[in-house]
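> predicted structure and sequence below. I'll ask about it afterward.
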Amino acid sequence: MNYKLLAVSTLRQVNIGDYIQALAAAQFLPHIDGFIQRERLKDYDDEECKVIMNGWYMHHPEQWPPSEKINPLFVSLHINVSAKDTFLSEDSINYLKRFQPIGCRDYYTRDLLISKGVDAYFSACLTLTLGMSYQSNEREDKCYFVDPFLPKKAMVVDEIYQVLWFLTHPNAWNAIGKIAKKLPYKSTVKKSLYACRFYRVYIKIFTKKTLIEAEYLSQRNKGYRTNFKTDKERLDEAMRLVNKYAKARMVVTSRIHCALPCLGLETPVILTEDYEQSERKACRMGGIHDFFHIISFRKNGFETNFPFYKSKKLSISTVSINKDSWKEYASKLAETCKDFISKDNEYITLNRK
């Protein structure tokens, strides 16, 4: 039997979080025989293969349902509100019923499928299992800010505001300059404006030392397409990032495919979010939202779902340990994936007798 991973390199911008999801699936495969493009599933016409189908579908609805040459295990499936019409078509529902029960990454997807008579359940995300292979006993005194959420106004107004704030806060210049040098952007102007906005918001929550000494990463930028030419190279880069997160003392991020892996790695993580996010984003969060310590930003400030004292700002020495409600889902996901693969081994053994 052939085993393949989902890749997402056909879109304009590569999100390395998609390859972190592939890395989670790869843990369970006896070997990897290549990649299938997630946005070209119907076009697949190579050898029959098994694929763990965890992820978000889809930017190209004409590519659904997938090719008959793909034998899927549906866990951690997300159907976005923007694509629900395709998934609720008669062809799609009939297809999904062939492979039920369907494990869903969020309540929205689960309830949507159940409403159409599909046997579906909340599985949470497969990246919660990454601790099986990548959890580390070694901890470095590092904090990573990975695409943290930043509230902002209209672009021109926001840029003017940042410049004025910077000019009137000379005590922050040194810190902002140090942060700007660490940002994963090419433009000096963009680095400076971002650093100013970031510092103005996050100095209310984190110590100055934490912000200056932290490393700043992005999981979605043009570099993942230009610097890593193949899906295998992107998978390797995903592994490098996961290994960094595994050794961190704290990670702060708006990316769920950074935050969820950190739970599995048992790395203290804080999810940052827009309190008034769009339905397209909010529909992803039902169920998994409850796993995290969260900072939610409103128009006039922020709130947390964990104890926060302004007199004791957050740092790698004061961050809270993660909740553990995710663990039962990680265990069940691992069992489901192992069973999906072990059926092949049983088949091979029977046919050798």
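Structure's in. What do you need?

> could you say which helix or strand holds the spatially most central residue of the chain?
The residue lying closest to the centre of the chain (C-alpha atoms, centre = their mean) is H257, at 1.3 Å. In this assignment (DSSP states H and E), H257 forms part of helix 256-265.

> give me every residue that touches the residue nearest to the centre of the chain.
N15, G17, D18, I20, Q21, C125, T127, Q219 (C-beta atoms under 8 Å, 6 or more residues apart in numbering). Quick note: C-beta positions are derived from backbone N, CA and C, even for glycine.

> quick one: end-to-end distance for stretch 314-331.
End-to-end distance for stretch 314-331, by C-alpha to C-alpha, to the nearest Å: 31 Å.

> where do the strands of this structure begin and end?
2-7, 35-37, 49-52, 55-57, 70-73, 77-79, 102-104, 120-122, 143-146, 215-217, 250-253, 269-274, 293-298, 301-304 (DSSP state E).

> pretty sure M53 contacts V75?
Yes - using C-beta atoms under 8 Å, M53 makes contact with V75 at a distance of 7.4 Å.

> domain parsing of this protein, as residue ranges.
Domain assignment for the chain by automatic domain parsing gives 2-128+327-352, 132-304.

> please state the offset of the last one from the chain centre?
By that I understand domain 132-304. For domain 132-304, the distance from its own C-alpha centre to the chain's C-alpha centre is 13 Å (C-alpha atoms, centre = their mean, to the nearest Å).

> now do stretch 335-349, average pLDDT.
Here stretch 335-349 scores 73 as its mean pLDDT.

> average pLDDT for stretch 147-163?
The model assigns stretch 147-163 a mean pLDDT of 75.

> and what of stretch 115-132?
98.

> now the end-to-end length of that stretch.
For stretch 115-132, the end-to-end distance is 34 Å (C-alpha to C-alpha).

> also stretch 273-284?
Start-to-end span of stretch 273-284 (C-alpha to C-alpha) is 12 Å.

> stretch 75-88 too?
Using C-alpha to C-alpha, the distance between the terminal residues of stretch 75-88 is 18 Å.

> so V201 touches K152, yeah?
No - here V201 lies out of contact with K152, judged by C-beta under 8 Å, at a distance of 9.3 Å.

> compare these two (neighbour count), which wins?
V201 (20 against 15; other C-beta atoms under 10 Å).

> quick one, helices of this structure?
16-26, 84-87, 90-98, 107-114, 131-134, 155-167, 173-182, 188-202, 208-213, 223-226, 231-247, 256-265, 279-282, 327-352 (DSSP state H).

> show me which parts of the second one are buried, residue by residue.
What it means is helix 84-87. K84, T86, F87 (16 or more other C-beta atoms under 10 Å).

> give the residue spans of the stretch 51-200 of the chain that score low on pLDDT.
Applying pLDDT under 70 to the stretch 51-200 of the chain picks out residues 58, 153-158.

> returning to what we had before: closest one to K312 among the domains of the chain?
Using C-beta to C-beta as the measure, domain 132-304 is the one of the domains of the chain that comes nearest K312, at 9.2 Å.

> if we can go back for a sec, between the buried residues of helix 84-87, which is nearest F28?
Among those, and counting by C-beta to C-beta, the member closest to F28 is F87, at 25.0 Å.

> distance of that closest one from D119?
15 Å (C-beta to C-beta, to the nearest Å).

> can you check F306 too?
36 Å.

> need the strands of the chain in JSON lines (columns: distance to E328 and mean neighbour count).
Formatted as JSON lines, those follow (distance: least, C-beta to C-beta, whole Å; neighbours: other C-beta atoms under 10 Å):
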{"stretch": "strand 2-7", "distance to E328": "25", "mean neighbour count": "21"}
{"stretch": "strand 35-37", "distance to E328": "30", "mean neighbour count": "20"}
{"stretch": "strand 49-52", "distance to E328": "20", "mean neighbour count": "22"}
{"stretch": "strand 55-57", "distance to E328": "22", "mean neighbour count": "23"}
{"stretch": "strand 70-73", "distance to E328": "19", "mean neighbour count": "19"}
{"stretch": "strand 77-79", "distance to E328": "19", "mean neighbour count": "23"}
{"stretch": "strand 102-104", "distance to E328": "14", "mean neighbour count": "25"}
{"stretch": "strand 120-122", "distance to E328": "11", "mean neighbour count": "17"}
{"stretch": "strand 143-146", "distance to E328": "26", "mean neighbour count": "24"}
{"stretch": "strand 215-217", "distance to E328": "30", "mean neighbour count": "19"}
{"stretch": "strand 250-253", "distance to E328": "22", "mean neighbour count": "26"}
{"stretch": "strand 269-274", "distance to E328": "18", "mean neighbour count": "23"}
{"stretch": "strand 293-298", "distance to E328": "19", "mean neighbour count": "19"}
{"stretch": "strand 301-304", "distance to E328": "25", "mean neighbour count": "14"}
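
> nothing else from me, thank you.
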